[in-house]
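Visitor: 3D, please:
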Amino acid sequence: MRRLFGSRWARLVLLVLLLGAAAASLAAWDPRTAVAAVPGFWRAPAFVALFALGTLAFLPKPALSVAAGVLFGARVGVPVAVLGTTGGAALAFGLGRGLGHGALRPLVRGKALTGLDRRLTERGFASVLLLRLVPGIPFQAVNLGAALSGVRAAPYLGATLLGVLPGTAAYVVAGASAGSPGSPAFLASTALIALLGAVSLAAAWRTRRRRLPDSAAAAAGPATA
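Guide: A predicted model of the protein is given here:
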């Protein structure tokens with residue numbers, strides 16, 4: 001058994017199976033009903049754990065944040081959701097670093113991937129913070145990408161904790177105030193969500209504009225040669 005899981009490819013297969021099992025579990029449980037069965041004081045810690053597992057199972061993080069607002073209100077829901085998000089990031093990072101790093105690290109090649117790897121390794125906190133603040137970047141992609149890079153765990157987790165706060169708080173407040181759609185809290189949170197969505201679209205459009213000249217130059221290269 002030790003020899004089997006000493007192989008980097010066996011560990012990679014185990015990582016894929018774990019993530020697949022987590023994703024397949026989506027049909028088996030609902031965080032809200034699961035937390036409702038937990039008594040009193042333990043309900044918030046239970047939701048933090050379920051939130052972390054939910055992100056690993058590829059549940060949409062905004063939906064989990066809204067559920068935190070509905071269940072706990074804004075005052076408790078925001079720290080619960082932020083801790084759950086950070087816990088999920090830590091869990092994915094640990095699995096990716098422990099099981100996938102050895103097999104996938106040699107595959108990090110190419111100009112874009114090498115540049116991203118260098119930035120995450122040399123400027124881990126700032127790079128992860130930026131990736132967390134910019135909406136539209138898949139949460140799990142950042143988790144696993146960071147795990148395959150040389151970024152250290154402490155700056156990765158610190159940047160995650162700070163970076164997810166604005167977006168998470170907006171969704172939690174929206175869930176907590178959904179019963180009063182005309183309230184200032186609901187209007188402010190939905191405005192922030194709309195702003196984050198606009199920023200995401202603008203970032204995607206800007207990235208696409210940058211890629212078009214590169215693609216045109218690559219296509220014209222052999223013809224001009």
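Visitor: quick one: least confident helix or strand in this structure?
Guide: The weakest-scoring helix or strand in the chain, judged by mean pLDDT, DSSP states H and E, is helix 2-5 (a mean of 48).
Visitor: average pLDDT across stretch 94-114?
Guide: In this model, stretch 94-114 has a mean pLDDT of 61.
Visitor: also stretch 47-56?
Guide: The pLDDT scores in stretch 47-56 average 88.
Visitor: quick one: contacts of it?
Guide: Applying CB atoms under 8 Å, 6 or more residues apart in numbering, the contact partners of stretch 47-56 are 19, 22, 31, 34-35, 61, 64, 68, 71-72, 80-81, 83-85, 87-92, 95, 139-140. C-beta here means a position set from N, CA and C on the backbone, and glycine is covered the same way.
Visitor: quick one: which of those residues sit in strands?
Guide: Among the contacts of stretch 47-56, DSSP state E puts none in strands.
Visitor: report the buried members of these.
Guide: Among the contacts of stretch 47-56, those classed as buried by 16 or more other CB atoms under 10 Å are 19, 22, 31, 35, 61, 64, 68, 71-72, 80-81, 83-85, 87-92, 95, 139-140.
Visitor: take the contacts of stretch 47-56 and keep only those in helices.
Guide: Using DSSP state H, the members of the contacts of stretch 47-56 that fall in helices are 19, 22, 31, 34-35, 61, 64, 68, 71-72, 80-81, 83-85, 87-92, 95, 139-140.
Visitor: if I pick the closest residue to R152 other than its chain neighbours, what's in contact with it?
Guide: Spatial nearest neighbour of R152, excluding adjacent residues (CB to CB, 6 or more residues apart in numbering): G124 at 6.0 Å. Listed by CB under 8 Å, 6+ apart, the contact partners of G124 are A146, S149, G150, V151, R152, P155, Y156, A159.
Visitor: by neighbour count, which of those wins?
Guide: Ranked by the number of neighbours (other CB atoms under 10 Å), these place A146 first, at 30 neighbours.
Visitor: does it touch V128 like I think?
Guide: Yes: with contact defined as CB atoms under 8 Å, A146 reaches V128; the gap is 6.1 Å.
Visitor: shared neighbours of those two, anything?
Guide: Contact criterion CB under 8 Å, 6+ apart; residues shared by A146 and V128: L120, Y156.
Visitor: and for E122, the neighbour number?
Guide: 12.
Visitor: poorly predicted segments of the protein, please.
Guide: The chain contains residues with pLDDT under 70 at 1-34, 36-37, 100-117, 200-225.
Visitor: do a quick rundown of the helices in it.
Guide: Assignment of helices within the chain using DSSP H yields the ranges 2-5, 8-24, 31-36, 43-56, 61-95, 101-104, 111-122, 124-133, 139-148, 153-163, 165-176, 184-224.
Visitor: got the contact list for stretch 57-76?
Guide: The contact list for stretch 57-76 (CB under 8 Å, 6+ apart) reads 22-23, 25-26, 31-32, 35, 43-44, 47, 51, 54-55, 77-78, 80-81, 84-85, 139-140, 167-169, 171-178, 185.
Visitor: quick one: buried residues of that stretch?
Guide: Across stretch 57-76, burial judged by 16+ other CB under 10 Å covers 57-59, 61-62, 64-72, 74, 76.
Visitor: filter the contacts of stretch 57-76 to the buried ones?
Guide: Applying 16+ other CB under 10 Å to the contacts of stretch 57-76 flags 22, 31, 35, 43-44, 47, 51, 54-55, 77-78, 80-81, 84-85, 139-140, 167-169, 171-177 as buried.
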